[in-house]
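Asker: I need the structure of the sequence given here:
(one chain, ligands or ions: 1)
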Amino acid sequence: MDQLNGRTALVTGAASGIGLAMTQAFIAEGMNVVMVDVESDRLEKAARELRASGANIITAVVDVSKAHQVQSLAERVDAEFGPVHLLCNNAGVEVIGATWEQTLDDWRWVIDVNLWGVIHGVHTFLPRMRASGQECHIVNTASMAGLSSAAYMSSYNVTKFGVVALSETLYKELAHEGSKVGVSVVCPGLIKTHILESRRNRPGDHPDEGTFGEASQGFRAALSAGVQSGYEPAEVARQVVEAVKEGHFYVIPAQEQVFKGALTRMDDIKHGRNPTVR
Ligand SMILES: NC(=O)c1ccc[n+]([C@@H]2O[C@H](COP(=O)([O-])OP(=O)(O)OC[C@H]3O[C@@H](n4cnc5c(N)ncnc54)[C@H](O)[C@@H]3O)[C@@H](O)[C@H]2O)c1
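Answerer: Next up is the predicted model:
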């Protein structure tokens with residue numbers, strides 16, 4: 001989709017981090033943006049600032065893990081803004097802890113937001129895009145955790161491998177039917193965002209009862225240092241805009257980190273080795 005100007009993007013997780021940076025980049029390209037998030041204060045503040053510079057935005061407080069909320073969102077956007085040309089399923093959360101330390105509620109929350117959130121977005125908006133006959137594009141945010149499995153992140157890894165699998169499958173199916181709908185998957189390394197504070201958005205129906213041991217806490221501290229010194233979200237957004245315009249599927253910001261894990265995993269498989277423990 002090389003023409004973005006005047007078209008409409010919908011971004012989930014738009015109040016913070018990568019989603020906010022994508023919103024800013026799309027506005028700079030002349031797009032209208034539907035900013036979607038669960039965190040209403042942060043969402044409205046970000047939208048106010050962007051509107052002050054003339055951006056055409058609507059905001060929607062929607063929990064992407066709830067199918068009916070995503071369905072109502074699509075109906076509202078159809079009525080108020082018209083068709084969505086660029087859908088970014090980006091909202092995500094994490095729980096860090098050894099597999100045996102994560103509660104079933106931890107698993108449900110992470111899978112509901114990171115995997116079901118993307119499924120809900122695709123299921124709701126893809127039929128509209130295919131029926132429109134217009135050029136459209138779907139961008140799903142996975143992670144380097146969708147290409148190799150770090151320890152202490154099992155629920156997160158499961159969801160991100162799922163998002164990569166969904167995106168690759170969809171890409172092949174749409175290419176096979178000669179569709180005008182493109183797909184990209186974003187698999188970043190460490191990016192300077194608020195991802196490690198995701199518990200701020202954990203709803204009450206998912207009690208946070210995890211108790212994490214020393215090894216998990218050590219991993220979280222190391223990850224936190226990595227995120228704080230990570231790449232800027234604007235760099236991810238720049239690569240997403242380029243991928244949408246040029247029709248690239250894999251978007252790999254901070255690729256030296258991503259390739260290290262992914263290629264080691266492939267080598268392990270190829271050479272019949274057990275997984276490398278780092
Ligand atoms: N930061 C990194 O290092 C990194 C690396 C790889 C992938 N990612 C992925 O990037 C995406 C964006 O995360 P980020 O790093 O910008 O973190 P972030 O916490 O800064 O932003 C995530 C946004 O998602 C929103 N959100 C959370 N649950 C939601 C829900 N149920 N419905 C709607 N919105 C919800 C949050 O309120 C927040 O605004 C996530 O999918 C994350 O897994 C991040």
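
Asker: correct me, but L166 touches V118?
Answerer: Yes - with contact defined as CB atoms under 8 Å, L166 reaches V118; the gap is 6.5 Å. Any C-beta I mention is one placed from the backbone N, CA and C, and that applies to glycine too.

Asker: what is in contact with those two at once?
Answerer: N140 (CB atoms under 8 Å, 6 or more residues apart in numbering).

Asker: Of these two, which one has the most company?
Answerer: Taking neighbours as other CB atoms under 10 Å, L166 and V118 compare with V118 leading, 28 against 19.

Asker: I'd like the distance between the nearest residue to the more buried one once chain neighbours are set aside and the ligand.
Answerer: Leaving out its chain neighbours, the residue that sits closest to V118 by CB to CB, 6 or more residues apart in numbering is N89, at 4.2 Å. Computed as CB to the nearest ligand atom, to the nearest Å, the N89 to the ligand distance reads 8 Å.

Asker: cool, and G97?
Answerer: 16 Å.

Asker: That residue reaches Y156, doesn't it?
Answerer: No - in this structure G97 lies outside contact range of Y156 using CB under 8 Å: 10.2 Å.

Asker: Show the contacting residues for the residue nearest to V118.
Answerer: So N89 contacts 12, 64, 117-118, 121-122, 138-141, 163 (CB under 8 Å, 6+ apart).

Asker: okay, R278: pLDDT?
Answerer: R278 carries a pLDDT value of 85.

Asker: Count the residues that sit near it.
Answerer: Neighbours around R278, by other CB under 10 Å: 9.

Asker: hmm, the helix or strand containing A221 touching the ligand?
Answerer: Using DSSP states H and E, A221 sits in helix 214-228. Yes - Helix 214-228 lies within reach of the ligand by CB under 6 Å from any ligand atom, at V227.

Asker: what's the answer for stretch 101-108, then?
Answerer: No - using CB under 6 Å from any ligand atom, we find that stretch 101-108 stays clear of the ligand, coming within 12.1 Å at best.

Asker: for that stretch, what is the average pLDDT?
Answerer: For stretch 101-108, the per-residue pLDDT averages 94.

Asker: so how far is it from its chain's centroid?
Answerer: Chain-centre distance of stretch 101-108: 20 Å, with CA atoms, centre = their mean, to the nearest Å.

Asker: Just the helices from the protein, written as ranges.
Answerer: In the chain, the segments counted as helices under DSSP state H are 17-28, 40-52, 67-80, 104-111, 117-132, 154-176, 214-228, 233-246, 255-270.

Asker: any idea of the mean pLDDT in the last one?
Answerer: When you say that, I think you mean helix 255-270. For helix 255-270, the per-residue pLDDT averages 98.

Asker: Then the longest one?
Answerer: Taken as a whole, helix 154-176 carries a mean pLDDT of 98.

Asker: and the angle for that helix with helix 104-111?
Answerer: Here helix 154-176 points in a direction 30 degrees away from that of helix 104-111 (axes from the mean of the first three to the mean of the last three CA atoms, to 10 degrees).

Asker: What are the buried residues along helix 154-176?
Answerer: Using 16 or more other CB atoms under 10 Å as the test for burial, helix 154-176 gives 154-164, 166-167, 170-171, 174.

Asker: same thing with the first one?
Answerer: For helix 17-28, the buried set under the neighbour-count rule, 16+ other CB under 10 Å, comprises 17-27.

Asker: Please identify which of those residues is nearest to the ligand.
Answerer: G17 (2.2 Å; CB to the nearest ligand atom).

Asker: From what I see, that closest one and L190 are in contact.
Answerer: No - with contacts counted by CB under 8 Å, G17 stays clear of L190, the gap being 11.8 Å.

Asker: To what extent is D105 buried, counted in neighbours?
Answerer: 16.

Asker: same thing with A254?
Answerer: Neighbour number of A254 under other CB under 10 Å is 18.

Asker: how about it, what does it touch?
Answerer: Residues near A254 by CB under 8 Å, 6+ apart: 144, 188-191, 230-231.

Asker: What about the closest residue to P83 other than its chain neighbours, how many residues nearby?
Answerer: With sequence-adjacent residues excluded and distances taken as CB to CB, 6+ apart, P83 is closest to S132, at 5.4 Å. S132 sits with 15 neighbouring residues when counted by other CB under 10 Å.

Asker: Also A98?
Answerer: A count of neighbours around A98, defined by other CB under 10 Å, yields 16.

Asker: can you pull the contacts of it?
Answerer: 151-152, 212-213, 215-216.
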